[in-house]
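Asks: Okay, structure incoming, though there's no sequence with it:
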């Protein structure tokens, strides 16, 4: 398999965009793979396409809408409101069960068919927001499973695994894309690009990280 190419699981959000440009520094060629999984804000895929074009990387979209129909969550259920606070003893209602499991499995099949063995994803255990499929143990487990399932040697890279949002902004700045990520990515649960709505948990985490990084920088 070609070790000079990386496939980035790419949503067009802050984390995956940071990983996209990280991959461009590490590999000679990068391919971005986005998913339509029944999310309310499909606009993120169009923003992802625009960012990929600006980054001069290949872009692919796969329709995996069945994922959004398997479980109840506020990212795909039109009748369910976005959560404002994480419930004390349960997963946030923005947790889409199996999303990263499916994304990485599909990405691995795509990678195999295109001679790619490096897969990059923007999950983070430091800022995992209660999502079990963002933890390091899960990534290590599925990496082994995918290798066994397809008799390949995939390497799943997680550049953000052990850094917080402030450090993620710092990495974006180091890569020279802080302004692009701040203005052109979509992290907001309410579908507002850039700084977002300012109220949902994703926007709060993003803003707090940015303010923390900028204060350190000054």
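Replies: Received it, and whenever you're ready, just let me know what you need. Worth saying up front: this structure is predicted, and the values here are computed from it rather than measured.

Asks: Can you point out the buried residues in the longest helix seen in the chain?
Replies: If you go by DSSP state H, the chain has its longest helix at helix 201-217. For helix 201-217, a neighbour-count test (16 or more other Cβ atoms under 10 Å) marks 201, 202, 203, 205, 206, 209, 210, 212, 213 as buried. For glycine as for every other residue, the C-beta is placed from the backbone atoms N, C-alpha and C.

Asks: next helix or strand past the helix-or-strand element of the chain with minimal mean pLDDT?
Replies: Least confident element among the helices and strands of the chain, by mean pLDDT, DSSP states H and E: helix 66-70 (a mean of 72). For helix 66-70, the succeeding helix or strand toward the C-terminus, using DSSP states H and E, is helix 99-113.

Asks: and that following helix, what other elements does it pack with?
Replies: If contacts are counted by 3 or more Cβ pairs under 8 Å, 6 or more residues apart in numbering; DSSP states H and E, helix 99-113 sits against strand 2-9, strand 29-36, strand 58-63, strand 116-120, helix 136-150.

Asks: Quick check, pLDDT for residue 80.
Replies: With respect to pLDDT, residue 80 has a value of 48.

Asks: before we move on, back to that, of the buried residues of helix 201-217, which is the nearest to residue 43?
Replies: Distance to residue 43, by Cβ to Cβ, is smallest for residue 202 among the buried residues of helix 201-217, at 14.7 Å.

Asks: I figured that closest one was touching residue 188, is that so?
Replies: Yes. At 6.0 Å, residue 202 and residue 188 qualify as touching, with contact defined as Cβ atoms under 8 Å.

Asks: Quick check: neighbours shared by the two?
Replies: Common neighbours of residue 202 and residue 188, using Cβ atoms under 8 Å, 6 or more residues apart in numbering, are residue 196.

Asks: just for the protein, where's the confidence low?
Replies: The model of the chain has pLDDT under 70 over residues 1-2, 40-41, 68, 71-97, 128-129.

Asks: related to what we said a few turns ago, out of the helices and strands packed on helix 99-113, which gets nearest to residue 98?
Replies: Evaluated with Cβ to Cβ, those place helix 136-150 nearest to residue 98, the distance being 11.2 Å.

Asks: Report the buried residues of the closest one.
Replies: Residues 138, 139, 142, 143, 146, 147 are the ones in helix 136-150 that count as buried (16+ other Cβ under 10 Å).

Asks: now the third one: how far from residue 17?
Replies: From residue 142 across to residue 17, the span is 22 Å (Cβ to Cβ, to the nearest Å).

Asks: coming back round to it: show the secondary-structure elements that the longest helix of the chain is packed against.
Replies: Using 3+ Cβ pairs under 8 Å, 6+ apart, helix 201-217 is in contact with helix 165-174.

Asks: Contacts for the helix or strand just after the helix it packs on, please.
Replies: Per DSSP H and E, the first helix or strand lying C-terminal to helix 165-174 is helix 178-184. The contact list for helix 178-184 (Cβ under 8 Å, 6+ apart) reads 14, 17-18, 47, 50-51, 54, 169, 172, 193-195, 210.

Asks: got a winner among those residues for most neighbours?
Replies: Within the contacts of helix 178-184, residue 17 tops the neighbour count with 29 neighbours, counted by other Cβ atoms under 10 Å.

Asks: Quick check, that residue in contact with residue 51.
Replies: Yes. The criterion here is Cβ under 8 Å, and residue 17 meets it with residue 51 at 5.8 Å.

Asks: got any residues that touch both of those two?
Replies: Common contacts of residue 17 and residue 51, defined by Cβ under 8 Å, 6+ apart, comprise 180, 184, 185.
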